[in-house]
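[1] Could you look at this predicted model? Sequence included:
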Amino acid sequence: MRVIFWTRQEVGTRVESDWRETNLAKAIQNGARAHGDEVEILTTPDDGSIEVHPCDLVCKVGVKSRHWFTAYAEAGIPWLYFDKGYIRERAPDQWLNYWRMSVNSHHPIEYLAKAKHGSNRANGMGFRFTSWQEDRGRHIVLDGGSEKNFKFNGIVPESADIGDVDAHCRKVVRRIQACAPGRPIIYRPKPSSKGRQAIEGSEFARNRGVPLKDLGHDLDRAWAVVTYNGAICYDANRVGVPSIVLGSGPARPISSTSLEELENPRLASSEERRQWINNLAWCQFKMREIRDGVAWSIVKEMLDLTPIKTPAGACPCSPL
């Protein structure tokens, strides 16, 4: 298999330990070679142009790469997406301890739904989940996401700005009010998403004096979480709060997928949640596992499970 990994301009611009994408690409190159595959590492052009080269798989990092993934998918070439791991702890000599990966999708929902891994790896990572909260409160947490995330998944058009994203979330708030009348709504945009505005009918998490990164404050005694594709549904499921996943969020295989289910959200069985979290552990890897080829064996499994789609087409968004 011939693979191309496109990295941003990093070499020479900072110290080598900060070459996040370049170091990841080199690790992938080593890991793929252990399986008999060759990875060519290329640097994106300075002029912002996109180059589609013949290959069997293209690799790139982050939601800002959506145009690259779209171009390759339209040429019939599958794409491998990398981003921060679900566990966000930092390693002493790395950016983060884990890189997550997904084939032809923002999150590996096909793999999470179909794989059958045991619990050893998940237990070793410290993945735990509690029983569903019996004393859940009344409020609903709405994940406001980020502009670049919404664009990547085709939730808003490419030309959308911050105001358009807030306008879309305003529609979601109205739908939540219609499906779960009387329930308080906490609106949480992504912490790094600047310029977002409060939405009438909801409490704006940014205005309360509680750091947005303190997700536990809002998940404590929440009735449910609503998201398109945010990792917040992973955090919610872990602490026993059900999710409504309208797009490709990682907990979609074990969650409700329609706002119509808000008053009676799906509560997956312990066996379903255990299998899901076992599979999730095999979708993020440390650098040494990537270099050794452990991660590459999972890439090949994902390739067999997930059809080629553009980023927008890969997001199974439920209608509002």
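    Great, that's in hand.

[2] For burial, what's the neighbour tally of I308?
    As a burial measure, I308 scores 17 neighbours (other Cβ atoms under 10 Å). For the C-beta atoms, the positions are set from N, CA and C on the backbone; glycine is no exception.

[3] G76 is in contact with that one, correct?
    Yes. Applying Cβ atoms under 8 Å as the test, I308 and G76 come out as touching, 6.5 Å apart.

[4] From the centroid of the chain, which residue is nearest?
    Note on the chain: the residue nearest the mean C-alpha position is H107, at 4.7 Å, using Cα atoms, centre = their mean.

[5] On the pLDDT front, check it for me.
    H107 carries a pLDDT score of 95 in this model.

[6] try P157
    Note on P157: pLDDT of 88.

[7] give me the element it is part of.
    For P157, there is no enclosing helix or strand under DSSP states H and E.

[8] Run a quick neighbour tally on it.
    The tally of other residues near P157 (other Cβ under 10 Å) stands at 10.

[9] what sits against it?
    K151, D164 (Cβ atoms under 8 Å, 6 or more residues apart in numbering).

[10] Quickly note the distance from it to N104.
    P157 sits 21 Å away from N104, going by Cβ to Cβ, to the nearest Å.

[11] repeat for S49
    For S49 relative to N104 (Cβ to Cβ), the value is 23 Å.

[12] ok, the two, which is more surrounded?
    Neighbour comparison, S49 and N104: the larger count goes to N104, with 24 against 7 (by other Cβ under 10 Å).

[13] Tell me, how many residues neighbour the closest residue to the more buried one other than its chain neighbours?
    Counting by Cβ to Cβ, 6 or more residues apart in numbering, N104 lies nearest to T306, which is 4.5 Å off, once chain neighbours are set aside. As a burial measure, T306 scores 19 neighbours (other Cβ under 10 Å).

[14] right, and T306 touches P108 too?
    Yes. If you go by Cβ under 8 Å, T306 and P108 touch, sitting 7.5 Å apart.

[15] Need phi/psi at the residue nearest to N104.
    phi -120, psi 120 (degrees, to the nearest 10).

[16] oh, and call the first residue 167 from now on, that's how I've got it
    Shifting the count to begin at 167 puts that one at T472.

[17] Now do the contacts for it.
    Shown in contact with T472 (Cβ under 8 Å, 6+ apart): P244, V269, N270, S271, P274, E276, Y277.

[18] got it, and K192?
    Taking Cβ under 8 Å, 6+ apart, we find K192 in contact with I207.

[19] and it, what pLDDT?
    With respect to pLDDT, K192 scores 97.

[20] backbone phi and psi for it, please?
    Backbone torsions for K192, taken as degrees, to the nearest 10, come to phi -70, psi -40.

[21] how about the helix or strand hosting N289: buried residues?
    In the assignment (DSSP H and E), N289 maps to helix 286-291. Residues A288, M291 are the ones in helix 286-291 that count as buried (16 or more other Cβ atoms under 10 Å).

[22] got the contact list for that helix?
    Residues from elsewhere that reach helix 286-291 (Cβ under 8 Å, 6+ apart): I253, I443, N444, L446, A447, W448.

[23] residues touching the closest residue to I420 other than its chain neighbours, list them.
    Setting aside the residues directly before and after it, I420 is nearest to A434 in space (Cβ to Cβ, 6+ apart), at 3.9 Å. Contact analysis of A434 by Cβ under 8 Å, 6+ apart lists I420, S421, W442.

[24] now swap in E255 and tell me
    Counting by Cβ under 8 Å, 6+ apart, E255 touches L262, N263, Y264.

[25] So which of those residues sit within strands?
    Judged by DSSP state E, the contacts of E255 include no members of strands.

[26] Separate out the buried members of those.
    Listed as buried from those are L262, N263, Y264; burial here means 16+ other Cβ under 10 Å.
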